[in-house]
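A.B. asks: following is a predicted model, sequence given first.
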Amino acid sequence: MAYINAKKVLLTIAPSILAVLLAFITCAFIMVIEGINPIVAYASLLQGAFGGFYEIGETMAKAAPIMLTGLAATIAFKCRVWNIGGEGQLYIGAIAATWIGLSIYLHSAVEIPLIFIVSFLAGALYGLIPGLLKAYFKVNEIVLTLMLNYIAILFVSFLVEGPWRDPSGITYTPPIAETAYLPVLIPRTRLHLGVVIAVLCAIVLHLILHRTIFG
């Protein structure tokens with residue numbers, strides 16, 4: 001039984017591993033053509049991503065929202081809905097979260113859950129647009145969700161360069177309230193509680209999809 005399970009796991013992850021290896025090999029060929037040493041480039045890549053506690057924290061902090069977006073796509077794909085708009089829905093959720101962080105000042109025990117709820121609803125409502133158009137007008141959800149990504153990205157650019165631009169003139173928003181920050185797990189890094197939440201969500205989703213009738 002253990003052998004069968006190990007073989008099943010290997011067959012499941014093998015395509016992903018192969019895809020990553022092929023991507024590295026393809027990029028290496030391109031770098032060689034451009035006169036770049038791929039070994040040095042990949043060594044720098046690994047050093048920048050995993051060279052120390054700070055680098056690991058940065059990598060994991062940036063991976064958390066991508067992981068959650070991937071989990072959202074997994075649910076849609078499981079339902080045979082080809083939602084390619086995860087990036088745009090992430091951006092809309094980020095806009096909602098930033099708005100609360102810039103305009104509402106509450107205790108962190110209230111503000112952080114509020115940010116999660118509002119940003120979740122904002123992203124879900126943005127995803128509802130192609131859902132309704134597909135259900136009532138038979139619009140292709142692949143094309144529509146892909147196009148909505150660009151709208152969301154450009155809307156973020158408009159906000160950052162316009163009404164939300166820092167008064168100092170830098171193309172950033174002003175700092176959000178400290179009460180909106182997720183707790184940092186390791187001092188002097190940006191490894192925060194969101195990474196743990198993303199991992200727990202992945203575990204819960206796996207259990208739902210593979211260990212329940214609902215899944």
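C.D. replies: Yep, it's here.
A.B. asks: mind checking how far the spatially most central residue of the chain is from Ala202?
C.D. replies: Here the mean C-alpha position of the chain is nearest to the C-alpha of Ile66 (Cα atoms, centre = their mean), at a distance of 2.0 Å. In this view, Ile66 and Ala202 are 12 Å apart by Cβ to Cβ, to the nearest Å. Just so you know, the C-beta spots here come from the backbone N, C-alpha and C atoms, and that holds for glycine as well.
A.B. asks: domain parsing for this protein?
C.D. replies: Here the chain is described, according to automatic domain parsing, as comprising the domains 1-51, 54-78+182-215, 82-181.
A.B. asks: residues contacting Phe53?
C.D. replies: 186, 188-189 (Cβ atoms under 8 Å, 6 or more residues apart in numbering).
A.B. asks: show me which of the residues you listed are buried.
C.D. replies: Thr189 (16 or more other Cβ atoms under 10 Å).
A.B. asks: Leu148: which of the contacts of Phe53 is nearest?
C.D. replies: Of all these, the one sitting nearest Leu148 is Thr189; the distance, using Cβ to Cβ, is 34.0 Å.
A.B. asks: what sits against Ser16?
C.D. replies: For Ser16, the contact set (Cβ under 8 Å, 6+ apart) is empty.
A.B. asks: can you read off the pLDDT for it?
C.D. replies: Note for Ser16: predicted pLDDT of 88.
A.B. asks: quick check: next helix or strand after the longest helix seen in the chain?
C.D. replies: Within the chain, and with DSSP state H defining each element, the longest helix by residue count is helix 2-33. Using DSSP states H and E, the helix or strand that follows helix 2-33 in sequence is helix 38-50.
A.B. asks: what is that following helix packed up against?
C.D. replies: Other elements packing on helix 38-50 under the criterion 3 or more Cβ pairs under 8 Å, 6 or more residues apart in numbering; DSSP states H and E are helix 2-33, helix 53-78.
A.B. asks: what angle sits between that helix and helix 2-33?
C.D. replies: Regarding helix 38-50 and helix 2-33, their directions subtend 120 degrees when assessed with axes from the mean of the first three to the mean of the last three Cα atoms, to 10 degrees.
A.B. asks: and helix 38-50, how far out from the chain's middle?
C.D. replies: Distance of helix 38-50 from its chain centroid, counting by Cα atoms, centre = their mean, to the nearest Å, is 22 Å.
A.B. asks: what residues sit buried inside it?
C.D. replies: By 16+ other Cβ under 10 Å, the buried positions in helix 38-50 come out as Pro38.
A.B. asks: go on, stretch 136-154?
C.D. replies: Per 16+ other Cβ under 10 Å, stretch 136-154 contains these buried residues: 141, 144-146, 148-149, 152.
A.B. asks: can you tell me which of those are in helices?
C.D. replies: 141, 144-146, 148-149, 152.
A.B. asks: which of these has the weakest pLDDT?
C.D. replies: By pLDDT, Glu141 ranks lowest within those, coming in at 93.
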